[in-house]
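J.: Below is the structure, and that's it, no one-letter string:
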């Protein structure tokens, strides 16, 4: 069932946009955060609010890979197996985790803690091989570190992203994606080590962008130089 | 002479709490906004045109020209409608990893760029469409937008200018195709992310059938520096037709992968040198470069023969590929090119939106044929079959996804035909997949 509070929040999302249907993607994230998956009730609620058919909402919910039609565990563990990460060891990591957790792709462990999925490029190639837990970066993994990671998650230990915050549950993450921030924004660094390597080389060599000459700071007139 | 590296966008990534408004402002942030609000919108468009900035999302279309296509005559049908700015933060092209660290480290650079750019095109609502799979990045951008509202950089009558702007941070839900600008608009309108027929182009009929500019994160984030430092400053960097700086993302088999911000036109040889060279092998031997992508998996692969190609739009084009997103994925000789290409092809198959037949069906055929070859089960004629399949997809698909799917295949057959044939002779893949991993060398070094 969709609670009154959730229904009110779904309305709130739709109201962020000039046209309310634009709210559908974050609304479906909110459905997942409350129901643990996309449910028929959630689809009906979105359809009613947006005044479109349930079939149209289903069409959207089945198009995007982050929407799940089966219950997701507390921790969604993604292993990048796109080419670069696969070559760098993502294939071995994924195979190790399937074996260790005794699940296949997009399946959840019997205790309901972990859903394992191989994922596509997550824009962290300089940290390959990359894993994501509830869409937080776990950089530079090995099969051994991946096993340790899932064991820690199953043991209920606090796990921290390698360049981010303490990892929340999948449902809590989905709530942030729906546009309801939590209190973890200031955790973790601004950048991981690989993001800073070029800056370090530039500093060591005293390389910078050209100095701004006072005559060129007039913006629009810059072309007159 | 411009320096080898020119950190501008990346300059403050290492500053403690770089994502916060007070830290950004202490380094001069939002100074360009103040200046912009004192300029006429058309003068901002002119400055961006004069700077020579070309789209940093891959296609390289001149940003200022794109802005000038927005109809501003209120007496016309399109000109009378609201205008929108949409930031494409759906960074998903395999190998591309520049916008995500930018938004995590210095989201205010993007927000300031959004305000200046929206003011220039006279939009009162802007959207930042971020792929959903980067939770902490979304937190940082959400927080930056709310800080900007509190500081009066967003909202009604910004700093007394009479200009109003609202910004909505929108999380996607997992779809590579939404990086294609019209598919992104579909996603932003709450629909399946399938590309739209053009024309009409988004500049005339985009979001809600209104005039819309869609720009990549790095393009928009470059705008404050152009307004703050001047168009001439920006165009003093780079090459004749590819002006300014860009973030070059090195990944894979180099000793120091990461982000290197340099003027367009730097070469891979220079970048690999800065990155400590191609990695050392498990046995301590120096490995050699085998192949690389200049701008993500949709740009044809290149080889050692292209180490001195200037990495600008023209140079990479002349070498038979595309600059794309400067996503330099580096593979050494432990990597099987057939395995690499098959995996990319499986990606395109998975991400094909299903709208058009050549891409939807073609990527399945490509995967089947390539799988046979990787397993050593096909025949030499399968290479011709692959090329024929590519010929039926390239230029016949609805959008660039289908075209991109053919790039790794045709280019790898061009440079590594013998390696495909070796799979047939060997009865399977002749490579040890463990040798290419990061931990193959880590293990040896420990």
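T.: That came in fine, so what should we check first? None of these values were measured; they are calculated from a predicted model.

J.: Next one: the residue nearest to the spatial centre of chain A from residue A:30, what distance?
T.: Nearest residue to the geometric centre of chain A (Cα atoms, centre = their mean): residue A:135, 2.9 Å. Separation of residue A:135 from residue A:30 (Cβ to Cβ, to the nearest Å) stands at 15 Å. Using the backbone N, CA and C atoms, a C-beta is placed for each residue, glycine as well.

J.: Strands of chain B, start to end?
T.: Using DSSP state E, the strands of chain B run over B:84-89, B:125-130, B:166-171, B:212-216, B:245-252, B:258-263, B:289-293, B:302-303, B:327-332.

J.: repeat for chain A
T.: So, for chain A - with DSSP E - the strands run A:75-80, A:107-108, A:114-119, A:131-133, A:136-138.

J.: is any part of the third one close to chain B?
T.: Yes. In this structure, strand A:114-119 sits against chain B according to Cβ under 8 Å from any Cβ of the partner chain; the contacting residues are residue A:119.

J.: In terms of pLDDT, where does the closest residue to residue B:372 other than its chain neighbours sit?
T.: In space, and not counting its chain neighbours, residue B:372 is closest to residue B:378: 3.9 Å by Cβ to Cβ, 6 or more residues apart in numbering or on different chains. pLDDT, residue B:378: 89.

J.: what sits against residue B:249?
T.: Residue B:249 makes contact with A:125-126, B:95-98, B:258-260, B:325-328 under the criterion Cβ atoms under 8 Å, 6 or more residues apart in numbering or on different chains.

J.: before we move on, the earlier item: what's the spacing between the residue nearest to the centre of chain A and residue B:428?
T.: Distance from residue A:135 to residue B:428, by Cβ to Cβ: 36 Å.

J.: Do I have it right that residue A:118 meets residue A:107?
T.: No. The criterion here is Cβ atoms under 8 Å, and residue A:118 misses it with residue A:107 at 11.5 Å.

J.: between the two, who's got more neighbours?
T.: Taking neighbours as other Cβ atoms under 10 Å in any protein chain shown, residue A:118 and residue A:107 compare with residue A:118 leading, 19 against 16.

J.: Now do that one against chain B, distance only.
T.: 10 Å (Cβ to the nearest Cβ, to the nearest Å).

J.: The residue nearest to residue B:372: neighbour count?
T.: Neighbourhood size, residue B:378 [other Cβ under 10 Å]: 20.

J.: if I pick it, what's in contact with it?
T.: Taking Cβ under 8 Å, 6+ apart as the test, what residue B:378 contacts is B:369, B:372, B:424.

J.: among those residues, who's most crowded?
T.: residue B:369 (20 neighbours).

J.: Pull up the gap between that residue and chain A, please.
T.: From residue B:369 to chain A the distance is 18 Å (Cβ to the nearest Cβ).

J.: and if you look at residue B:425?
T.: The value you get for residue B:425 to chain A, if Cβ to the nearest Cβ is used, is 23 Å.

J.: what do you get for residue B:186?
T.: Applying Cβ to the nearest Cβ to residue B:186 and chain A gives a distance of 10 Å.

J.: What's the local residue count around that residue?
T.: Counted with other Cβ under 10 Å, residue B:186 comes out at 22.

J.: thought it was touching residue B:192?
T.: Yes. Under the criterion of Cβ under 8 Å, residue B:186 makes contact with residue B:192 at 6.6 Å.

J.: is it possible to export the strands of chain B to CSV including mean pLDDT and distance to residue B:205?
T.: What follows is these, written out as CSV (pLDDT from 0 to 100; distance: least, Cβ to Cβ, whole Å):
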stretch, mean pLDDT, distance to residue B:205
strand B:84-89, 98, 11
strand B:125-130, 98, 16
strand B:166-171, 98, 20
strand B:212-216, 98, 8
strand B:245-252, 98, 30
strand B:258-263, 98, 36
strand B:289-293, 98, 34
strand B:302-303, 98, 38
strand B:327-332, 98, 31
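
J.: And for the nearest residue to residue A:72 once chain neighbours are set aside, the neighbour number?
T.: Excluding its sequence neighbours, the residue lying closest to residue A:72 (Cβ to Cβ, 6+ apart) is residue A:115, at 4.8 Å. Residue A:115: 24 surrounding residues under other Cβ under 10 Å.

J.: which residues touch residue B:206?
T.: B:84, B:86, B:182, B:185, B:212-214.

J.: still on that earlier bit, just put the strands of chain A in a markdown table and tack on mean pLDDT.
T.: Below are the strands of chain A laid out as a markdown table (pLDDT from 0 to 100):
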| stretch | mean pLDDT |
| --- | --- |
| strand A:75-80 | 98 |
| strand A:107-108 | 98 |
| strand A:114-119 | 98 |
| strand A:131-133 | 98 |
| strand A:136-138 | 98 |
